[in-house]
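Trainee: sequence? don't have it. structure:
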Ligand SMILES: Cc1cc2nc3c(=O)[nH]c(=O)nc-3n(C[C@H](O)[C@H](O)[C@H](O)COP(=O)(O)OP(=O)(O)OC[C@H]3O[C@@H](n4cnc5c(N)ncnc54)[C@H](O)[C@@H]3O)c2cc1C
């Protein structure tokens, strides 16, 4: 009889892994709290199309996506904009979130995945230290493996016993609160920068964008330090309007507050009968919160680990290979990017301006291609350029101190990633996970 796999939550990585496993002959069922046809948000997302190929998902029809515009970055003063120059073959695609879901679900159902909608997962069912199933509002379900794809606040991860060493909670400073809405287009005036990204503008710690589309103006406000409400949104939009005349006053789509994890991936993401994927394992790029491509790539790694598990027991020993490969190909690039996020928090607004105006940062340093996933995709190892940047940083000792501090932290985090035990050994993993977590503090 085929081994039974439960996917809790219809996250991107979970449904992609479900498809790969069903294709390989497993009996896979996804349990999703929302009703059929209601998944996703009323806006578009940007991700690397190569991830679809990796997860063996067909490209969407041409009328379902477009290529992302280059972004132009502005420091608080706005004096020296920096513009991306992404080569065409490295562009990400932009798709309606609902169309992404349609694509992933169609692919999974065609490969034999069963989906139960309207079924809220409440917690794991434990048999000793093994995750043996899920308790849901519709009853208990048992399986040989539970894939946790319930997102950042997964009730499975949060209810696992402490002995599994899997972090349960995410701290406020490890997530970003986002408000996003499409506003009506207030004017037809041509704009110089169609996709503006503003770093700490308007005296607030955060990143925002205004993207001028043909039909509407896309406003995203992201804040790291505190939550905010509609009054703050209106105040900020009003502040932006004089320099962004196409930003209207009427919300035509979206208009929600949401949260995204912006931290390093889980230090332990597997247990006997359990593997976390996507936002439930914090697989987003810590600097910008993109997580779709990483979740799809992780799906392929997880599915291959499961298929290649000779004993088909899905023990922590065999699933640990998934974590090792995830870190090798993706996680070890993502984790140091959290240190860059910390550095951004430490900079004063004047220091951010100085980085833009002095040339410490240039167009290349903001050019995130579809392959973006590690520091060296932004900062090239070019000795003359690095010396030039260092000389400029030396002019401001306080800034230099912060940059050197971040450099030390990046080195510590990179070393910790490299030191991850290649084979599961509970005691060694425990020591390693503590050291890895400490490297970010
Ligand atoms: C506003 C916003 C914009 C974003 N933009 C981008 C972007 O442009 N590009 C990009 O790459 N990434 C983007 N991301 C991040 C991206 O959405 C995630 O990183 C990615 O989807 C992986 O998350 P996930 O699918 O694992 O989790 P989620 O998207 O959180 O999905 C989890 C699923 O599990 C279900 N679920 C949750 N709890 C339960 C439960 N108790 N029982 C049953 N089901 C449950 C949810 O309903 C949902 O369907 C954005 C995120 C947000 C919030």
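Mentor: Received, thanks. Just so it is clear, the structure is predicted and the values come from calculations on it, not from any experiment.
Trainee: near the ligand, which residues of the stretch 51-200 of the chain?
Mentor: Contacts of the stretch 51-200 of the chain with the ligand, taken as CB under 6 Å from any ligand atom, map to 120, 121, 149, 150, 151, 155, 178, 180. Every residue, glycine included, has its C-beta placed from N, CA and C.
Trainee: got TSV for the residues you listed, with neighbour count and secondary structure too?
Mentor: Putting those into TSV (neighbours: other CB atoms under 10 Å; DSSP: H, G, I helix; E, B strand; the rest coil) gives the following:
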residue	neighbour count	secondary structure
120	15	coil
121	25	strand
149	32	coil
150	28	coil
151	20	coil
155	21	helix
178	18	strand
180	21	strand
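Trainee: any stretches of the stretch 301-441 of the chain with poor pLDDT?
Mentor: Judged against pLDDT under 70, the low-scoring parts of the stretch 301-441 of the chain cover residues 379-383, 386.
Trainee: what are the boundaries of the helices in it?
Mentor: Along the stretch 301-441 of the chain, the segments classed as helices by DSSP state H, counting those that start in this stretch run 316-326, 332-346, 349-358, 383-394, 397-418, 426-438.
Trainee: quick one: closest of those helices to residue 229.
Mentor: Comparing those against residue 229 with CB to CB, the closest turns out to be helix 332-346 (22.0 Å).
Trainee: and the closest one with helix 397-418, angle?
Mentor: Per axes from the mean of the first three to the mean of the last three CA atoms, to 10 degrees, the angle that helix 332-346 makes with helix 397-418 is 160 degrees.
Trainee: relative orientation of helix 332-346 and helix 316-326 in degrees?
Mentor: Here the directions of helix 332-346 and helix 316-326 differ by 60 degrees (the same axes, to 10 degrees).
Trainee: hey, what's residue 208 bridged with?
Mentor: Residues in a beta bridge with residue 208, per DSSP bridges, are residue 198, residue 221.
Trainee: got the contact list for it?
Mentor: Counting by CB atoms under 8 Å, 6 or more residues apart in numbering, residue 208 makes contact with 197, 198, 201, 219, 220, 221, 222, 236, 240.
Trainee: I'd guessed the first one sits against residue 206; true?
Mentor: No: Residue 197 is beyond contact range of residue 206, at 11.2 Å (criterion: CB atoms under 8 Å).
Trainee: follow-up on the earlier one: of all the helices of the stretch 301-441 of the chain, which lies closest to residue 41?
Mentor: Set against residue 41 and scored by CB to CB, the helices of the stretch 301-441 of the chain come closest in helix 332-346, at 22.9 Å.
Trainee: packing partners for that closest one?
Mentor: With contacts defined as 3 or more CB pairs under 8 Å, 6 or more residues apart in numbering; DSSP states H and E, the secondary structure elements packing on helix 332-346 are helix 397-418.
Trainee: tell me which residues of the helix it packs on come out buried.
Mentor: Across helix 397-418, burial judged by 16 or more other CB atoms under 10 Å covers 399, 402, 403, 406, 409, 410, 412, 413, 414, 416, 417.
Trainee: again, but for stretch 345-365
Mentor: Neighbour-count burial for stretch 345-365, counted by 16+ other CB under 10 Å, picks out 347, 349, 351-356, 358, 360-362, 365.
Trainee: and for stretch 16-26?
Mentor: Per 16+ other CB under 10 Å, stretch 16-26 contains these buried residues: 16, 17, 18, 19, 20, 21, 22, 23, 26.
Trainee: got it, and stretch 233-245?
Mentor: Buried residues in stretch 233-245 (16+ other CB under 10 Å): 233, 236, 237, 240, 241, 244, 245.
Trainee: list the residues that contact the closest residue to the ligand within the stretch 101-250 of the chain.
Mentor: With distances taken as CB to the nearest ligand atom, the stretch 101-250 of the chain approaches the ligand most closely at residue 151, which sits 2.5 Å away. In this structure, residue 151 makes contact with 9, 11, 278, 279, 280, judged by CB under 8 Å, 6+ apart.
Trainee: if we can go back for a sec, just the buried residues of stretch 16-26: which are in helices?
Mentor: 16, 17, 18, 19, 20, 21, 22, 23 (DSSP state H).
Trainee: closest one of those residues to residue 77?
Mentor: Within these, proximity to residue 77 (CB to CB) peaks at residue 16, which comes in at 42.5 Å.
Trainee: low-confidence stretches in the stretch 101-250 of the chain?
Mentor: By pLDDT under 70, the stretch 101-250 of the chain contains no weakly predicted segment.
Trainee: tell me the strands in it, going along the chain?
Mentor: Ranges of strands in the stretch 101-250 of the chain, per DSSP state E, counting those that start in this stretch, are 114-116, 121-127, 130-136, 139-142, 145-148, 175-185, 195-199, 206-212, 216-223, 247-261.
Trainee: most tightly packed of those strands?
Mentor: Scoring these by mean neighbour count under mean count of other CB atoms under 10 Å gives strand 145-148 as the most buried, with a mean of 29.
Trainee: pairing partners for that one, with directions?
Mentor: Listed by DSSP bridges, the sheet partners of strand 145-148 and their directions read strand 4-8 (parallel), strand 274-276 (parallel).
Trainee: is the ligand within reach of the last one?
Mentor: So the one you mean is strand 274-276. No: counting by CB under 6 Å from any ligand atom, the ligand has no neighbours in strand 274-276; the shortest distance is 9.0 Å.
Trainee: re the thing from before, would you turn the buried residues of helix 397-418 into CSV with distance to residue 325?
Mentor: What follows is the buried residues of helix 397-418, written out as CSV (distance: CB to CB, whole Å):
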residue, distance to residue 325
399, 38
402, 34
403, 32
406, 28
409, 25
410, 22
412, 23
413, 19
414, 18
416, 17
417, 13
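Trainee: with respect to residue 375, which of those residues is nearest?
Mentor: Each of those was checked against residue 375 using CB to CB; the closest is residue 410, at 6.8 Å.
Trainee: in terms of contact, does the closest one touch residue 339 like I think?
Mentor: Yes: under the criterion of CB under 8 Å, residue 410 lies in contact with residue 339, with a separation of 4.7 Å.
Trainee: any idea how far the ligand is from the residue lying closest to residue 358 once chain neighbours are set aside?
Mentor: Counting by CB to CB, 6 or more residues apart in numbering, residue 358 lies nearest to residue 392, which is 4.6 Å off, once chain neighbours are set aside. According to CB to the nearest ligand atom, to the nearest Å, residue 392 stands 32 Å off from the ligand.
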